[in-house]
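In: structure for the following, please:
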Amino acid sequence: MGSNTNNAGKTRFAINAKIILLSFLFLFLILLIVRTTFPSSQQLYSPVPSSDTELTIQAQAQDDSAGPASAAATDGCPSATAAAACTKTPPTLAQALVHYATTNVTPQQTYDEISVSLRVLAKKSPCNFLVFGLGHDSLMWTSLNHGGRTVFLEEDKAWIDQITRALPTLEAFHVNYDTKVTQADELMKLRDEEECKAVTDPRSSKCDLAHKGFPREVYEVEWDLIMVDAPTGWHKEAPGRMSAIYTAGLMARSRESGETDVFVHDVDRAIEDGFSKAFLCDGYLTEQVGRLRHFTVPSHRARPGRPFCP
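Out: Predicted coordinates for the structure are as follows:
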């Protein structure tokens, strides 16, 4: 009887813990929904008015051109009147709540690690978010960046097919890597090479670490957040994350202006630890929580002559 009582207690504790975790996730999502109902200065593709007059003209033009149907389609509201104060849960957020409430599979990162990226997303979303790796946390990232664009780069095509069949709203691309973990020490020596310090489009870089095989649109978008949680790097024949970390930093440096938040997971491993410090730079390190390291990398094109590492 004592053993059964203990088992029952453990079961209730596990259920209660899951309910608490889901409640926190639901609260964060609701806060995100409330935030996105108001205009944000971080909205992408929206030119900044140069004067109050221009602002008025833009507002009038938007009112004239956007009819009730378009407003309803954008916000998921039944009418233009309701769109102004719509609180309907967006489909991606609703899907995420149901998905994580009905599965025992949890994201690869811990609650504290996820919270680091969540704080940045709370300030920057909707934004452009590039994620190396497609996993059980992908729907969560897409939902937390509601209204923005979240793209996943994955090395395993069969895994992409499996995940996107279950979650067809995810945007994922297959990527091949031509490196191996066994090459890490040799590739680390490139940090002192001038061609690897040059700030340019990765496609035209002369550095062997620059990845040139992503889909074209990956290079043509300025990413506000980049998460490096792939490719595989835990065995010798795996591609490792050497080029992923370097290319993430290169894309951050070569944006027109502003800064990019770059996150590297699994920094308890030698490659993730060494390459993130060498190519994303200790001087750009913002914080580390658990196995997640957060770098804030500024545009180098906006200030020519800026050293590769501060």
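In: can you identify the element that follows the helix or strand hosting residue 264 toward the C-terminus?
Out: Element membership for residue 264 (DSSP states H and E) is strand 259-265. The helix or strand immediately downstream of strand 259-265 is helix 270-276, counting by DSSP H and E.
In: please work out the average pLDDT along that next one.
Out: Across helix 270-276, pLDDT averages out at 98.
In: before we move on, what about stretch 299-307?
Out: For stretch 299-307, the per-residue pLDDT averages 94.
In: show me where the protein dips below the pLDDT cut-off.
Out: 1-87, 92, 95-97, 99, 101, 106-107 (pLDDT under 70).
In: buried ones in the helix or strand containing residue 119, by neighbour count?
Out: Under the criterion of DSSP H and E, residue 119 resides in helix 111-124. Neighbour counts over helix 111-124 (16 or more other C-beta atoms under 10 Å) mark 113, 114, 116, 117, 118, 120, 121, 124 as buried. Using the backbone N, CA and C atoms, a C-beta is placed for each residue, glycine as well.
In: same deal with stretch 267-277?
Out: 267, 271, 272, 274, 275, 276, 277.
In: and for stretch 193-204?
Out: So stretch 193-204, judged by 16+ other C-beta under 10 Å, has buried residues 196, 197, 198, 199, 200, 202.
In: how is residue 150 assigned, secondary-structure-wise?
Out: strand (DSSP: H, G, I helix; E, B strand; the rest coil).
In: ok, now residue 177?
Out: Residue 177 is classified as coil under three-state DSSP.
In: for the residue nearest to it when sequence neighbours are not counted, give me its contacts.
Out: Leaving aside its sequence neighbours, residue 177 sits nearest to residue 239 (C-beta to C-beta, 6 or more residues apart in numbering; 3.5 Å). The neighbours of residue 239, taking C-beta atoms under 8 Å, 6 or more residues apart in numbering as the test, are 155, 177, 178, 179, 180, 181, 231, 232, 233.
In: go with 6 Å
Out: When contacts are counted by C-beta atoms under 6 Å, 6 or more residues apart in numbering, residue 239 touches 177, 179, 231.
In: in CSV: these, plus distance to residue 147 and neighbour count.
Out: What follows is those, written out as CSV (distance: C-beta to C-beta, whole Å; neighbours: other C-beta atoms under 10 Å):
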residue, distance to residue 147, neighbour count
177, 31, 19
179, 35, 19
231, 28, 22
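In: any chance of CSV for these, columns distance to residue 210?
Out: Formatted as CSV, the contacts of residue 239 follow (distance: C-beta to C-beta, whole Å):
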residue, distance to residue 210
177, 12
179, 11
231, 15
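In: and the residue nearest to residue 197 when sequence neighbours are not counted, how far is that from residue 180?
Out: Once flanking residues are discounted, residue 197 sits nearest to residue 308: 4.2 Å by C-beta to C-beta, 6+ apart. Using C-beta to C-beta, to the nearest Å, residue 308 is found at 25 Å from residue 180.
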